[in-house]
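[1] Dropping the sequence and predicted coords here.
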Amino acid sequence: ANDAASSEPGTAVSAETIAQLKTEIAAGQEQPQWAAQGPAFSVAGLAGKKILSMPVSSQLAGCDSMARDVVEIAKSVGMTESTYFQNDGGPAAWVQGMNLAINQGFDGVALVCGIDPAALAPQMEAAKQAGMKVVDMHLADVSEAASPLIAGQTNGQFNDAMRKGVAAALVDANGNAIDALVITSNENPPSIGMEQTVKDEFARLCKECGVESINVPIPSYATDLSGAVRSALVRNPDIRAIFTVYDAQTPFVLPAIKASRVPAKTYAFGGDEQFVKLMADASNPMGTDMGPNFSWMAYTGADQLFRVVAGQPPIPAAQAYSPYRLWTPANVGEFTPPNFGFGDSFVDGYRSLWLDVPGA
Amino acid sequence: MSSSTEVVKRQGGPDARGPAGNGSGGVTWLGRWAERAALPVAWLVLFVVFAVLSPDRFLSMGNVSNILGSQSILFMLALAALLPSMVGDIDLSLGGVGGLAAIAIAVLNVNHGVPITLACLVAVGIGAVCGALNALFVVRFNTGPFIMTLGTGTFFTGLIFWVANSTTIVGVAPELSEWTYLRSLLGVPVQFFYCLLIMLAIWYVATYTPLGVRALFVGQSREVAVLSGIKADRIRWGAFVLAGVIAALAGVLYVGTTGSAGPTSVDTFLLPAYAAIFLGATSIQPGRFNALGTGIAVLFLATGVAGLQLLGAQDYAQQLFYGAALVLAVTISRYLRRT
Amino acid sequence: MSSSTEVVKRQGGPDARGPAGNGSGGVTWLGRWAERAALPVAWLVLFVVFAVLSPDRFLSMGNVSNILGSQSILFMLALAALLPSMVGDIDLSLGGVGGLAAIAIAVLNVNHGVPITLACLVAVGIGAVCGALNALFVVRFNTGPFIMTLGTGTFFTGLIFWVANSTTIVGVAPELSEWTYLRSLLGVPVQFFYCLLIMLAIWYVATYTPLGVRALFVGQSREVAVLSGIKADRIRWGAFVLAGVIAALAGVLYVGTTGSAGPTSVDTFLLPAYAAIFLGATSIQPGRFNALGTGIAVLFLATGVAGLQLLGAQDYAQQLFYGAALVLAVTISRYLRRT
Amino acid sequence: MGTTALEMRGVSKQFGATRALSDVDLTVEHGEVLALLGENGCGKSTLVKVMAGVYEPEPGARMSVDGVDVALPMLPGTYREIGLSFVHQDLGLARPLTVLENLLGGTVDGTASSRWRIRWRHEARRATEMLRSYGVQVDPWTVVDHLAPVDQALVAIARAAEELKQHRERSGASSSVLVLDEPTVFLPEEEVSFLFDLIRSVVASGSSVVFISHDLPAVREIADRVTVLRDGRVAASARMSDVTDEEIVELIVGPAASAKDTFGHGEARSATGREFDRSPDTGLHVTGLSGGRVRDLHLDVAPGEVVGLAGLIGSGAEDVPYLLFGARPATGGELTLNGRTTPLTRQNPSAAVSSGIALIPAERRRDAIAPEVSVAENMMLLVVSRFRKRGRLRPGQLRATADERAEMLDLRPRRTTMPVGTLSGGNAQKVVLAKWLEIRPQLLLLHEPTQGVDVAARAEIYRIIQRAAEGGMSVVWVSSDFDELAAVSDRVVIVSGGVATTAIELSDISPEAITTGVYGAAAATGESSISTVGRA
Ligand SMILES: Nc1ncnc2c1ncn2[C@@H]1O[C@H](COP(=O)(O)OP(=O)(O)OP(=O)(O)O)[C@@H](O)[C@H]1O
Ligand SMILES: Nc1ncnc2c1ncn2[C@@H]1O[C@H](COP(=O)(O)OP(=O)(O)OP(=O)(O)O)[C@@H](O)[C@H]1O
Ligand SMILES: [Mg+2]
Ligand SMILES: [Mg+2]
């Protein structure tokens, strides 16, 4: 494939903008450092309490491990009865998990990877009546208002991730005008803001660039996604950048790009181990994948949950987030265990905020 | 030329007999009773096993309430699926119908400020219209219900995506949740009793009224029903329309339970609902789809799933249980019928 | 005494006649031909419409390759589903079987370093075992295939979750993709030709061999087949096992296409696969499940979806098309049969 | 009398390309038994179904009951309100349902049950009494499918008679019509008199009966008048006393066809006895057969011999063909066919077919033809491999061969590409015969092969079997029609209590001899027909 980066520098985006974008990208590729988002507090009162941790779907490896980490972290501060609730995703399963938590007298619930509390409003109401604290982890973009239905939440820089993706796409295009495709899954709320961000960024940085989007519901990935991407590439062979709002789309998008022989790349959000790994294989047309570290997010979420269960004020939604790292083929070599390029500063950092850990 | 065999007999219930030569005359009294009671007994056994394994949690009021209340959407949808099946049809669009009703409530109430009661009524009306559409194509145009309702179901799903703009609509008036999921009677969410009521109504009509006998003819021997002057088509219309209405009620319960509606909602319950009615057809009146059997099957499955969740089993354990329960229940009831 | 009607007749294909009174003896020659050709003609019309609306893009090699190649998993699974349906059974576990095969390949190849060819062979073996299990329960124990395969399918899905530990496994050896999705012949991915080959094989055996005639009787009137000395059970066993093998091949194609396998994969194709075989049963040999009809139905649906995508239609438009196509195709072929 | 009980004018009905009825007029007088006769496929049942409002006739048809016009098409179920009642061909019972449910289907206007509550046990008691009042003893909770065919027939007949009675009591009308579409096929000889008593009592109460049958002696016995349909038209109507049997046959089959001898049971068998080779290594030898109602039955049939098995219902005779074929499991016995011995406990249909045994079962629609599959494929099913050339089946050759056979058998219509389900009973049976004779069986097992088959087709079927037997085939023929057995058998074996009791040799065979033998044997073994319990 003729890589856009190797072509003549174009005029659609000015050289200085490109240079500026390159700096931003370089910054995004650095390993993030931990910084406290709130004051230290005592967790002594948590001993003997228990939380239930439920991922949006156990089928997502990152969310699954994050939800399990939250349980382990809770146990380490004395909430030894805490449990993980495995599920296949979808409101029906979440309702079951919430029912279980309410009926069995749990003190807190961790909704992991952004289960929309508004889509479970009655359960949130019932939880409130039962005196149970719900913290939703990695729920929405930091720019959005906090949900009134829950005790606390942690957020993500979804839109910023897309901004970095657009920057990388424009840099890869070497200043030439390109077209972009955004694949959304709108039943997942951040998807809408992310699509808008891509459109806004292109409008801001590259007037000649075109952006189109298709929506593919999550359950239809296996059946529809490859064909939809191929059709989009037939319809517009000038597409060079494919933004996946959710990197679980990757296995279905890559074969479509390969088979259509269009030199397009994916610019993903997610940071899921399964999919970032694929970047190491040069035959995969992947540009960037920006996302969090799930262990880090587990600590950020646990911190917020401990605060509300312990009766502390939660950290404001706009500040409660874990940093993302931008992965590209250039730095994917650092994506290695144990902390997959995020270091371990966050572990000691968060633990230093939790005072009076029982038995410690 | 279509003869009178149908769903439960060939593909489904325990009556699916093999080729000539398997005499069926010799069913003993004991065998018949054992077959009838197999599922209720299995339910009891399951209950006892879990109660022994985890007495304090499993026997808690909260858990019993969970078992009875948590599967109300499934229960309601199974009751919807039951009706066409009883008269020898099958309706695979009911998941779509329920989803359409759910999204209609959410759109009307949230986006257009329509009062929740009115929104629910409109949803039920939509359910009836969808049911009538199915009946039009299947009964009036005389086509196969399997493929036809697969088609209409896909169409309804398309409508859902259109109406919902592929997103989840949240923030439905909490009164609905109050009247379905939150309020409880004897510690059990009221929606369970709605399902129970409809189940009993279907059971009564099917067992104790002439209409029920006529529907039985239509389901078991449609040609004979026509020869006997039964208005088979009218009964099939009724079943489709009523199924649409009850599926819409499943949609109402869905919105009540989650306070929201998305592009995929009630449809995920469709296959489990069919599992429940087929499982129910092995019991109480073996070989016939029946309401009490369906109810017991729903509770049997709910108990198993809730128990496994309480024991902290992995989700694959639930699926293995679900699958194994179906396979064993059908095999055993088949075996009991033979002895 | 189960009589001889079955799936295609009562629930499905265009032969699902209503109650007595709809004569079938007098189908005119023209009507029969019109019915046979309805789906191919509809396909042609669809093709022409899209070609006119978007000539440069729709007629591009890339698009033709997309239409023919992109639905290979569906095509393969439909061929798997075809076999039990042809002999009067139904197998709802095939999605689970395909998924199990897919996850087996991924686990063996990625986690255990088994060479990809060997992994694929093991997967096919697993498909055969699953098929044999279905046959054991349905044929040997003489139960209803609908409920039974719903049960085994759920069980297989449980196994998938177990084996996969509920997550997606990526990074399968790229040779497999090379030999399925990436390499192309005449511009079309080779996997399309694999499907074509199997389709032609099934069609040939069904139409031009004594085995095919025997299978036809097993499917249409099982008791007659048995009393004519046909080993009906053996043919049904064969259909289930072969269906398992072909479903496993669908799993192989899935892994080849996506380079990965997860807890839900091939199973999402199951209902579309049944839609295709029922739609196919309206064509070529109306009233019978047939291989050519199935192939045409798959391509018809793939063409419609690809065309709509090219025109930039929303995702709901595809579902509306899918649903409407099924409903109309069945209704029209029913109507043609009457005139 | 000013009015007629039932009057139909200008009834026409088309099924696709088949014209079932054209401009048929039918008159049923008060208090008469009208026989409606005609060949297979001539439109009798269609006419009945038009009467019942199941089929919609073409515009222009008129119908009146007791002088009152009835709007056509009738709404389903209207027939009840105007005093018609039916026993349809194949009885019209829902086989998976219980007797009680069948009696309640369509109507529940009992005294105790209402629209809103059926009192099942009460209804069960009433049903038992009602059935008993007609001399029928069955448990109302039994599933119809589990009843012997004769009991199914009795239930259907009693139900129809009861509906009429209820109608008369309810409306006070004196006029009503009972329509019986081939009810005798399910009734053995000894039960036919029960039916006739019932018909006479119905007529005595002022009602009328339409009686459809292919059994001319029975028609002669009960009918006052006869209307004959041919090819969907009325061929003639006459008083029974004004026509001879020969004239009726001519009316049924048409002048051209009747030139051939088709009357009654014909001279199917060569009148003079032939010598049969009875050596142990040829022909059929069955020893110790047990299973079903059969206990330790022995039977020998020489090549070319036609042996009739006669017995009352429940004697076990009707199980013999299925046990020998392996269609039902035998518990003991051995079968030796032309020197090859098979233990019958291990017999199965495919082994039977490959050892040259053919079975023509009684339940034709269910067990013998695949209704949706073409005539040609049905006919050539057993020999499809023959049409394989260079690995590929030649459907053209298959069809050509089937066409030849259709010509030979005088199949009507000739088109072998049609689904066999569209053929009438007699023609379908010819297809079944052709299918089995195609493998040149060494043993042909027949169970009621001419049930519901018209006189002409019946004679044709006798001839076909006779011709095949002369080629050295052994034939076991089970029938409850003793006239038929007398006409076709070289020897008749009486079965009673599950064993072969006596044999009637060719010189002594007559319908009377068989009847005597059957009842004599039953008395000797202390057996009584299940269904005759409670009736004289
Ligand atoms: N439902 C139907 N569909 C198609 N053709 C039919 C149907 N019913 C009857 N026919 C055809 O109409 C003609 C008259 O059939 P009908 O059953 O009325 O004849 P019948 O006189 O009762 O014959 P039989 O003595 O064999 O019962 C036959 O050619 C038959 O094949
Ligand atoms: N369709 C059916 N088949 C078999 N049994 C049935 C059916 N319907 C109801 N039953 C059972 O029959 C039994 C008696 O029913 P029911 O109470 O209606 O009788 P009843 O006529 O009111 O009796 P009684 O005249 O003594 O008051 C009950 O056990 C009921 O469950
Ligand atoms: Mg007739
Ligand atoms: Mg007839």
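    Here it is on my side, so go on. This structure is a prediction, so every number in the text was calculated from the model and none was measured. Ligands and ions are numbered 1, 2, ... in the order given.

[2] The one residue in the stretch 201-339 of chain B that gets nearest to ligand 3: neighbour count?
    Each residue of the stretch 201-339 of chain B has a distance to ligand 3, by Cβ to the ion, and the smallest belongs to residue B:227, at 12.7 Å. Yep, even glycine has a C-beta here, placed from its N, CA and C like the rest. Other residues lying near residue B:227 total 28 when counted by other Cβ atoms under 10 Å in any protein chain shown.

[3] With adjacent residues omitted, what lies nearest to it?
    Distance criterion Cβ to Cβ, 6 or more residues apart in numbering or on different chains; nearest residue to residue B:227, sequence neighbours excluded, is residue D:92 at 4.4 Å.

[4] Quick check: pLDDT value at whichever residue of the stretch 1-150 of chain A sits closest to ligand 3.
    In the stretch 1-150 of chain A, no residue comes nearer to ligand 3 than residue A:92, which is 54.7 Å away by Cβ to the ion. Per-residue confidence (pLDDT) for residue A:92: 81.

[5] now do the one 10 residues further on
    Here the pLDDT value assigned to residue A:102 is 89.

[6] what ranges do the helices span in the stretch 351-500 of chain D?
    Using DSSP state H, counting those that start in this stretch, the helices found in the stretch 351-500 of chain D span residues D:375-380, D:395-409, D:425-437, D:455-470, D:482-488.

[7] Alpha carbons of the longest one, as PDB, please.
    Which is helix D:455-470. Only the C-alpha atoms of helix D:455-470 are listed here, as PDB (Å, rounded to 0.1, in the frame of the first residue of the first chain):
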ATOM      1  CA  VAL D 455     -65.300 -50.200  -7.700                       C
ATOM      2  CA  ALA D 456     -63.400 -49.700 -10.900                       C
ATOM      3  CA  ALA D 457     -60.100 -49.000  -9.200                       C
ATOM      4  CA  ARG D 458     -60.700 -51.800  -6.900                       C
ATOM      5  CA  ALA D 459     -61.100 -54.300  -9.700                       C
ATOM      6  CA  GLU D 460     -58.000 -52.900 -11.300                       C
ATOM      7  CA  ILE D 461     -56.000 -53.300  -8.100                       C
ATOM      8  CA  TYR D 462     -57.200 -56.900  -7.700                       C
ATOM      9  CA  ARG D 463     -56.000 -57.600 -11.300                       C
ATOM     10  CA  ILE D 464     -52.600 -56.000 -10.600                       C
ATOM     11  CA  ILE D 465     -52.000 -58.000  -7.500                       C
ATOM     12  CA  GLN D 466     -53.200 -61.200  -9.100                       C
ATOM     13  CA  ARG D 467     -50.800 -60.700 -12.100                       C
ATOM     14  CA  ALA D 468     -47.900 -60.100  -9.700                       C
ATOM     15  CA  ALA D 469     -48.800 -63.200  -7.600                       C
ATOM     16  CA  GLU D 470     -48.800 -65.300 -10.700                       C
END
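
[8] Tell me how far that helix lies from the chain's centre.
    Helix D:455-470 has its average C-alpha position 17 Å from the chain's average C-alpha position, going by Cα atoms, centre = their mean, to the nearest Å.

[9] What helices and strands are in contact with it?
    Here helix D:455-470 touches helix D:245-253, strand D:306-310, helix D:425-437, strand D:443-447, strand D:474-478, helix D:482-488, going by 3 or more Cβ pairs under 8 Å, 6 or more residues apart in numbering or on different chains; DSSP states H and E.
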